[in-house]
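> show me the folded form of this:
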Amino acid sequence: MDPRMAELLTPYLKFLNGRELGPDDSLRERGLDSMQSINVLFEIEDVFGISLPDEDITDATFATGATLWNAVHAQLAREGVTS
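Next comes the predicted model:
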């Protein structure tokens, strides 16, 4: 997982309790709710310069930092943006 992804997610994870976000940590268990997920999508657009396609905006994509990063990384590759 890219360090920028962890940095982007951390403010939305109220149950992280000062820990570092691990790639396989459940985002829901760490406090990410559906409304915050929308804000995360906007942050992804700002930080990475991409928009995730609708088919990638699922609970499975937002399960962990790693699954979200995988979707972002795949979209970066599709758009030819270097991560």
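
> measure the residue nearest to the spatial centre of the chain to F42 for me?
For the chain, the residue whose C-alpha lies nearest the mean C-alpha position (C-alpha atoms, centre = their mean) is L68; its distance is 4.3 Å. Distance from L68 to F42, counting by C-beta to C-beta, to the nearest Å: 14 Å. Quick note: C-beta positions are derived from backbone N, CA and C, even for glycine.

> ok so, going back, surely the residue nearest to the centre of the chain meets M5?
Yes - counting by C-beta atoms under 8 Å, a contact exists between L68 and M5, whose distance comes to 6.7 Å.

> coming back round to it: which SS state does the residue nearest to the centre of the chain fall under?
Of the three states, L68 takes helix according to DSSP: H, G, I helix; E, B strand; the rest coil.

> report pLDDT for it.
Each residue has a pLDDT score; the one for L68 is 97.

> let's see stretch 56-73 as CSV, backbone CA atoms only.
As requested, the backbone C-alpha atoms of stretch 56-73 are provided in CSV (Å, rounded to 0.1, in the frame of the first residue of the first chain):
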residue,chain,number,x,y,z
ASP,A,56,-15.0,-0.2,-8.0
ILE,A,57,-17.0,1.7,-5.5
THR,A,58,-18.0,-1.3,-3.4
ASP,A,59,-17.8,-2.6,0.1
ALA,A,60,-15.1,-5.0,-1.1
THR,A,61,-13.0,-2.2,-2.4
PHE,A,62,-13.3,-0.3,0.9
ALA,A,63,-12.7,-3.4,3.1
THR,A,64,-9.0,-2.7,3.8
GLY,A,65,-6.3,-0.2,3.0
ALA,A,66,-4.8,-2.8,0.6
THR,A,67,-8.0,-3.4,-1.3
LEU,A,68,-8.6,0.3,-1.7
TRP,A,69,-5.0,0.8,-2.8
ASN,A,70,-5.3,-2.0,-5.3
ALA,A,71,-8.3,-0.3,-6.9
VAL,A,72,-6.5,3.1,-7.0
HIS,A,73,-3.3,1.5,-8.4
